[in-house]
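K.L.:
Fold the following, please.
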Amino acid sequence: MPHPYIAIEGVIGVGKTTLARYLQQTLSAELLLEVFEENPFLSDFYADRDRYAFQTQIFFLLSRYRQQHQIIPQTVARQTLVSDYMFAKDSLFANLNLVNDELAVYKSVYAALAERIPAPGLIVYLRANVDTLMERIAIRDRPYERNMERAYIQALQQAYETFFDDYAQSPTLTITTDTLNIVQNAEARQIVIGQIQSALSEGATQPALPHLADTPDPLTQIFAGDNRRRLPDFQQFHRALDANKRFSTDLYANFMHLTEELGELGAELAKVRRAENTKYAAAPPPQALQLALTERRLPLQRELADCMACLLKLSNYAGINLEAAYLEKMNANMAREWPAEKAGATDDE
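P.N.:
As a prediction, this is how the structure comes out:
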């Protein structure tokens, strides 16, 4: 596509429309919002899902098709498009709410329409636990959602998790929002928008990330055919890993994890120093250090790799392209005049 098409997805109440509106402003994009209020069966569906599921679902399917069929290709030809839903999510709800002949009829109609709808260049999947979702649904207080059953939201949440575990048509950025209330907290919105901008800047419109559970070496698929690996490639890998393993994406919790990993690295370096000072003390100092490093190389490299992983993850959650930030900082350092007394200082000041 000439311009990015970004779809925001997630369970009812997670904040899709709010994020889409703010992202539209940030990216100067066109906005495509789902028009769910026009569905005449929606209120009846929440009151009696078994009776009104088929009517509700077919109306949504045709409405979403009519809205997206022409708007998406026409819009992305001239500017970025942000939507608060993706067409493929319709089948997710259908599989949850329909059975037997009704589901078979739905699937035949969906298959005929879905092939005409372009897939997003990036999907932002907003995740939250059921308690968080129920609280946010209650706060926004839409009349037809007041009797929303917790069991339905729980089933819907599981359906979304299963759907994105297997979804491979578009790159997917998964963000856990339990501690990021993008509706009420401007700082939380900026964190999430930063992550999206970082994903876009790293080429998120390239082919979808691999489904990690299906391959013993996910890095092989991500970097297939190209040995020139860059930091954005590794940031992309960690997004896929977070989504597949459902790791926490909380910025501050992961910073604490980094401090733990740094502590483990420090403990390993202390073992290197002890080996240098005792076991290899009779050797010349440079040789003693190399012997100690050779002895402790495997555990040391593991701790360094853990620290690097934490930095890459933190960069993702803060919406920072780490490679670009590093190059900018190092170029600034190269242009500086260093006082003679700082000749032995590090270059990270």
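
K.L.:
quick one: the strands in the protein?
P.N.:
Here the chain has its strands, by DSSP state E, at 5-10, 30-32, 81-83, 122-127, 172-176.

K.L.:
list the helices and strands the last one packs on?
P.N.:
The criterion is 3 or more C-beta pairs under 8 Å, 6 or more residues apart in numbering; DSSP states H and E, and the helices and strands that strand 172-176 contacts are strand 122-127, helix 186-201, helix 231-245. Quick note: C-beta positions are derived from backbone N, CA and C, even for glycine.

K.L.:
Among the strands of the chain, which comes closest to residue 326?
P.N.:
Of all the strands of the chain, it is strand 172-176 that lies closest to residue 326, at 21.6 Å by C-beta to C-beta.

K.L.:
who's in contact with the closest one?
P.N.:
Residues external to strand 172-176 that are found in contact with it (C-beta atoms under 8 Å, 6 or more residues apart in numbering): 122-128, 164, 192, 195-196, 199, 204, 208-209, 239, 242-243, 248-250.

K.L.:
what angle do it and strand 5-10 make?
P.N.:
Note on geometry: by axes from the mean of the first three to the mean of the last three C-alpha atoms, to 10 degrees, strand 172-176 and strand 5-10 are set 40 degrees apart in direction.

K.L.:
Partner strands of strand 172-176 and their direction?
P.N.:
Using DSSP bridges, strand 172-176 pairs in its sheet with strand 122-127 (parallel).

K.L.:
what about this protein, any weak spots by pLDDT?
P.N.:
Low-confidence segments of the chain (pLDDT under 70): 1-2, 202-229, 338, 340-349.

K.L.:
Could you chop the chain up by domain?
P.N.:
When the chain is parsed with automatic domain parsing, its domains come out as 5-208, 215-337.

K.L.:
So which of these is the most surrounded?
P.N.:
Of all those, domain 5-208 has the most neighbours on average by mean count of other C-beta atoms under 10 Å, namely a mean of 18.

K.L.:
Who are the contact partners of the residue in the chain sticking out farthest from the centre?
P.N.:
Most distant from the centre of the chain: residue 282, at 52.8 Å, with distances by C-alpha atoms, centre = their mean. Neighbouring residues of residue 282 by C-beta under 8 Å, 6+ apart: residue 288.

K.L.:
Please compute how far the longest helix anywhere in the chain lies from its chain's middle.
P.N.:
Criterion DSSP state H: the longest helix present in the chain is helix 49-76. Taking C-alpha atoms, centre = their mean, to the nearest Å, one finds the center of helix 49-76 at 25 Å from the center of the full chain.

K.L.:
which helices and strands does that helix pack with?
P.N.:
Packed next to helix 49-76, using 3+ C-beta pairs under 8 Å, 6+ apart, are strand 5-10, strand 30-32, helix 42-47, strand 81-83, helix 89-97, helix 100-114.

K.L.:
what would those look like in a markdown table with distance to residue 179?
P.N.:
Output for the helices and strands packed on helix 49-76, formatted as a markdown table (distance: least, C-beta to C-beta, whole Å):
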| stretch | distance to residue 179 |
| --- | --- |
| strand 5-10 | 15 |
| strand 30-32 | 26 |
| helix 42-47 | 29 |
| strand 81-83 | 24 |
| helix 89-97 | 24 |
| helix 100-114 | 35 |
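
K.L.:
Would you tell me which of these gets closest to residue 261?
P.N.:
That would be, of the helices and strands packed on helix 49-76 and by C-beta to C-beta, strand 5-10, which comes in at 30.2 Å.

K.L.:
Compute the inter-axis angle for that closest one and helix 186-201.
P.N.:
Per the same axes, to 10 degrees, the angle that strand 5-10 makes with helix 186-201 is 130 degrees.

K.L.:
Give the partner strands of strand 5-10 in its sheet and their orientations.
P.N.:
Going by DSSP bridges, the partners of strand 5-10 are strand 81-83 (parallel), strand 122-127 (parallel).

K.L.:
Let's have those strands in JSON lines, adding distance to residue 290.
P.N.:
Formatted as JSON lines, the strands paired with strand 5-10 follow (distance: least, C-beta to C-beta, whole Å):
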{"stretch": "strand 81-83", "distance to residue 290": "55"}
{"stretch": "strand 122-127", "distance to residue 290": "47"}
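
K.L.:
tell me the contacts of the residue nearest to residue 120 when sequence neighbours are not counted?
P.N.:
Distances taken as C-beta to C-beta, 6 or more residues apart in numbering place residue 7 nearest to residue 120, at 4.0 Å, with adjacent residues excluded. Residue 7 sits next to 82-86, 120, 122-124, 170 when contact means C-beta under 8 Å, 6+ apart.
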